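Q: structure for this input, please:
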Amino acid sequence: MKERILIVDDEEDLTLGYSKCLAKVGYETKTANSGEDAIVMLREEIFDLIFLDIRLPKMDGLEVLKKALEMDPDLIVVMMTAHGTVESAVEAMRIGAHHYLMKGFDHEELRIVAKKALEVNQLKREVSHLKLKDSRRYPDTAIFGNSPNMKKVKDLIKVVATTPKTSVLIQGESGTGKELVAWAVHNWSARSEKAMIPINCSAIPEALMESELFGFEKGAFTDAKTMKKGVFELAHGGTIFLDEISSMSPNLQPKLLRVVETQSFRRIGGVSDIKINVRIIAATNQDLMQCIKDGTFREDLYYRLKVLEIVIPPLKERVEDIVPIAKLFIDQNNREFSKKIKGISEEAERLLKSYHWPGNVRELKNIIERATILCQDEIIQIEHLAIELQNVPTQESIPAAAVTSNVVISEEPVSLQEIEKRHIIKTLEKVNGNKSKAARILEISRSTLREKLKQYGIA
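A: Next comes the predicted model:
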């Protein structure tokens, strides 16, 4: 996206000349011929750099500078001054101007100053972005898997990434890698040099979420001692990732809808809309249509976000990816823990493939990390895997007597998951529904039992 420069001078011929000069080298320029017009434009739009004449009618350049820096303390301002106003230029530097130019400068000098000032602006933005999250934390290779299901997802990501700012909705179970997909869309897009800022809608209290998203003006409320930019403003030119979108307060949903529709927002306490250019990516592990029926999510917002949809399959639906992903995690853990593990035994591989993975890739990552730590040899064995996996019922591991006494199996062939479901039900019946006792008998944790009950729809 082009960097935006505002040129403020009461001499219209000069502003047009400066504007054409900078536009020729690829900048997007706008002009204002009075301080009042400049302040209005600064309230409504985001600029990367301002060239500001000190001598202006009515509101002079120093007053404009003060008001501009109150609105945005990070703004880069270059003052333009005549020979007789050097003292004013020095005063402008004291107030917060980045640099000043003596009038009579040529176009080449103007371009050089603009280039250097924008480099400073870019460094400031990068520092702000790094404080929020490092956009290079998730490389493209993080979207791992060569199963047909995942190839479709990766192909769709690349198609979505080519669109300029179309909204995207990512759906998938917890632990499937929705944030990784969002990073891939951003990193493969033309916005990759700008920020992607992730916000977990379920992790921020409702009272703070509005100021986190939209920022606030100085004096908007008791503790608003200075102006604060929200993430929509910080992500200008880049991407906003709204995770757990189903958790967003119904009071904030219409404000988000307005941002999606108009690409503009208003800070808390603000009087003017600010125009932005961002792509909004939302993600959820909930059924948003059910949320709409329950009255907790707006239908119009749902369809605005779901212009393009990416559905990530759960790990149990791409069994062929399990072992390759596990080996990828082993390589990562070898580097982190200074290990030299070369692989996984055939028995352990079979166990990994037979498990139903309620926690998806996140659970696999945790289990492989644990196994890497426990393994003292070069090959991960069954005993290094978590107890949940070691107790997965299989035709080979369940004694015939146990199956016949605890699980009623029809003569027709049934899946391992159906056997597990019946075994859990029978165990619960034996302990009168006591989940703690059932978990101990099954040798799994209570949280794993809860996941299984939820997965199989067992009341």
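Q: in a strand, that's where E91 is, yeah?
A: No - using DSSP: H, G, I helix; E, B strand; the rest coil, the secondary structure at E91 is helix, not a strand.
Q: nearest residue to it in space, please, no chain neighbours.
A: Leaving aside its chain neighbours, E91 sits nearest to L62 (6.4 Å; criterion: CB to CB, 6 or more residues apart in numbering). Using the backbone N, CA and C atoms, a C-beta is placed for each residue, glycine as well.
Q: may I have whichever strand or helix holds the one you found as PDB, with CA atoms only?
A: Assessed by DSSP states H and E, L62 sits inside helix 61-71. Only the C-alpha atoms of helix 61-71 are listed here, as PDB (Å, rounded to 0.1, in the frame of the first residue of the first chain):
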ATOM      1  CA  GLY A  61       1.800  26.100  11.600                       C
ATOM      2  CA  LEU A  62       3.000  25.800  15.200                       C
ATOM      3  CA  GLU A  63      -0.700  25.600  16.400                       C
ATOM      4  CA  VAL A  64      -1.400  23.000  13.700                       C
ATOM      5  CA  LEU A  65       1.600  21.000  14.800                       C
ATOM      6  CA  LYS A  66       0.500  21.000  18.500                       C
ATOM      7  CA  LYS A  67      -3.000  19.900  17.600                       C
ATOM      8  CA  ALA A  68      -1.700  17.200  15.100                       C
ATOM      9  CA  LEU A  69       0.600  15.700  17.800                       C
ATOM     10  CA  GLU A  70      -2.200  15.700  20.300                       C
ATOM     11  CA  MET A  71      -4.300  13.600  17.900                       C
END
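Q: elements contacting it?
A: Applying 3 or more CB pairs under 8 Å, 6 or more residues apart in numbering; DSSP states H and E, one finds that helix 61-71 contacts helix 35-44, strand 49-53, strand 77-81, helix 86-95.
Q: quick check: angle from whichever strand or helix holds S19 to strand 77-81?
A: In this structure, S19 sits in helix 12-24 according to DSSP H and E. Here the directions of helix 12-24 and strand 77-81 differ by 140 degrees (axes from the mean of the first three to the mean of the last three CA atoms, to 10 degrees).
Q: quick revisit: give the buried residues for the helix holding L62.
A: 61-62, 64-65, 68-69, 71 (16 or more other CB atoms under 10 Å).
Q: now the helices and strands packed on helix 61-71 in JSON lines, with distance to N251 and mean pLDDT?
A: Below are the helices and strands packed on helix 61-71 laid out as JSON lines (distance: least, CB to CB, whole Å; pLDDT from 0 to 100):
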{"stretch": "helix 35-44", "distance to N251": "25", "mean pLDDT": "91"}
{"stretch": "strand 49-53", "distance to N251": "36", "mean pLDDT": "94"}
{"stretch": "strand 77-81", "distance to N251": "37", "mean pLDDT": "91"}
{"stretch": "helix 86-95", "distance to N251": "39", "mean pLDDT": "83"}
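Q: and the ones you listed: which comes nearest S272?
A: Checking the helices and strands packed on helix 61-71 against S272 by CB to CB gives helix 35-44 as the closest, at 3.9 Å.
Q: helix, strand or coil for the most centrally placed residue in the chain?
A: The centroid of the chain falls nearest to P198 when counting by CA atoms, centre = their mean (2.8 Å). When classified by three-state DSSP, P198 comes out as strand.
Q: offset the numbering so it begins at 622, please.
A: Sure thing, new numbering starts at 622, so read that last one as P819.
Q: for the closest residue to K839 other than its chain neighbours, list the residues it contacts.
A: Distances taken as CB to CB, 6+ apart put M848 closest to K839, at 4.7 Å, once the chain neighbours are dropped. By CB atoms under 8 Å, 6 or more residues apart in numbering, the contact set of M848 is 691-694, 836-839, 888.
Q: and of those, the nearest to R991?
A: So of those, ranked by how close each gets to R991 (CB to CB), first place is G836, at 42.0 Å.
Q: ok, back up a step: dump the contacts of M848 into CSV; add distance to A805 and pLDDT as well.
A: As requested, those are exported to CSV (distance: CB to CB, whole Å; pLDDT from 0 to 100):
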residue, distance to A805, pLDDT
E691, 39, 84
M692, 35, 82
D693, 32, 82
P694, 34, 81
G836, 28, 91
F837, 33, 90
E838, 36, 87
K839, 38, 86
R888, 31, 92
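Q: what lies in contact with the helix holding S640?
A: Among residues not part of helix 633-645, those counted as contacts by CB under 8 Å, 6+ apart are 626, 628-630, 650-654, 672, 728, 731-732, 735.
Q: ok, the residue nearest to E712 touching G717?
A: No - counting by CB atoms under 8 Å, L683 does not reach G717; the two are 10.7 Å apart.
Q: for the nearest residue to A841 once chain neighbours are set aside, give me phi and psi.
A: Excluding the flanking residues, the one nearest A841 by CB to CB, 6+ apart is G890, at 2.6 Å. Per-residue torsions, G890: phi 80, psi 0 (degrees, to the nearest 10).
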